[in-house]
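> heads up, no residue letters with this:
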């Protein structure tokens, strides 16, 4: 079974500051992990994904995430926040094959960027 | 690009009605999902299907059922709509090693 915990439903940073959004997962099989972003009144857009291979994954808009198996974490970071990064961010986990393909999302983290 | 199409953007239904939400994908993906999205609760999985006629309950299946008679189509059924089922409903499809492709969403209001 898969589950996702996103710590912090609201995160506020200053423009230019580091963005860190936390995601911890649970999975009974090797996980595939995703981060999505949702801007107001829009659909979900894929930021980045981890399936296999390199544990540091780079995505769009300068975001990256590191898969840490020992910590069951997949935190999202961006070195310098921009006003346009204000949005809601969702972490998701799935397995592979049959019933483990269940794709589970976290409850989301709303990122505010202060000028 | 995979296209996932939901049959309606907006629906208004009366309490007790049977409601059908349809979702069609055009890329032969194995897995299809139905979620509801509510503020502060994220996307909660209602049901998913990993093959034709195969279905698995998600976290909140009560009051819902699904049908997948063909690979490209995944239907969500509200057996007897209630006001607490007012929500945004999202359909998604995934294949092997792929991210989820979402439909545009159906905003359902039950009055």
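Nice, thanks for sending it over. As the structure is a computational prediction, the values presented were derived from the model and not from experiment.

> hmm, who's touching stretch A:16-24?
For stretch A:16-24, contacts defined as C-beta atoms under 8 Å, 6 or more residues apart in numbering or on different chains pick out A:4-8, A:11, A:13, A:33, A:35, A:63, A:65, A:71-81, A:85, A:89, A:91, A:106, A:109, A:111. Heads up, the C-betas are built off the backbone N, CA and C, glycines and all.

> Please apply the same query to stretch B:70-85.
B:13-26, B:28, B:30, B:32-34, B:46-47, B:49, B:51-52, B:63-68, B:89, B:91, B:93, B:108, B:110-111.

> how about the residues of chain A near chain B?
A:6, A:9, A:32, A:34, A:36, A:43-44, A:46, A:49, A:51, A:90, A:92, A:94, A:96, A:98-99, A:101-108 (C-beta under 8 Å from any C-beta of the partner chain).

> So which of these belong to strands?
A:6, A:32, A:34, A:36, A:44, A:46, A:49, A:90, A:92, A:94, A:104, A:105 (DSSP state E).

> you'd agree the second one is up against residue A:53?
No. Using C-beta atoms under 8 Å, residue A:32 makes no contact with residue A:53, being 11.6 Å away.

> and the two? which has more neighbours close in?
Between residue A:32 and residue A:53, counted using other C-beta atoms under 10 Å in any protein chain shown, residue A:32 has the larger neighbour count: 25 against 7.

> Which pLDDT value belongs to that one?
Note for residue A:32: predicted pLDDT of 91.

> I'd like the distance between it and residue A:104.
11 Å (C-beta to C-beta, to the nearest Å).

> Pull up the overlap in contacts between those two.
A:93, A:94.

> Spatially central residue in chain B, please.
residue B:34 (3.0 Å; C-alpha atoms, centre = their mean).

> partners of the strand or helix carrying that residue in the sheet?
In the assignment (DSSP states H and E), residue B:34 maps to strand B:31-38. Strand B:31-38 sits in its sheet next to strand B:42-51 (antiparallel), strand B:87-94 (antiparallel), going by DSSP bridges.

> That one vs strand A:44-50, what angle?
120 degrees (axes from the mean of the first three to the mean of the last three C-alpha atoms, to 10 degrees).

> what's the span of stretch B:70-80, first residue to last?
24 Å (C-alpha to C-alpha, to the nearest Å).

> Quick check: which element contains residue B:81?
Residue-wise, residue B:81 maps onto no helix or strand under DSSP H and E.

> For chain B, just list every one of the strands.
Using DSSP E, strands in chain B cover B:4-6, B:10-13, B:19-25, B:31-38, B:42-51, B:54-57, B:64-70, B:73-78, B:87-94, B:101-102, B:106-110.

> Buried subset of the contacts of stretch B:70-85 as a PyMOL selection?
Selecting only the buried entries of the contacts of stretch B:70-85 in PyMOL, with 16 or more other C-beta atoms under 10 Å in any protein chain shown as the criterion:
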select buried, chain B and resi 13+19+21+22+23+24+25+30+32+33+34+46+47+49+64+66+67+68+89+91+93+108+110
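
> if we can go back for a sec, just the buried ones among the contacts of stretch A:16-24, please.
Neighbour-count burial (16+ other C-beta under 10 Å) is assigned, among these, to A:4, A:6, A:11, A:13, A:33, A:35, A:63, A:65, A:73-76, A:78, A:81, A:85, A:89, A:91, A:106, A:109, A:111.

> Export the strands paired with strand B:31-38 to CSV and append columns for distance to residue A:21 and mean pLDDT.
Shown next, in CSV, are the strands paired with strand B:31-38 (distance: least, C-beta to C-beta, whole Å; pLDDT from 0 to 100):
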stretch, distance to residue A:21, mean pLDDT
strand B:42-51, 13, 93
strand B:87-94, 21, 94
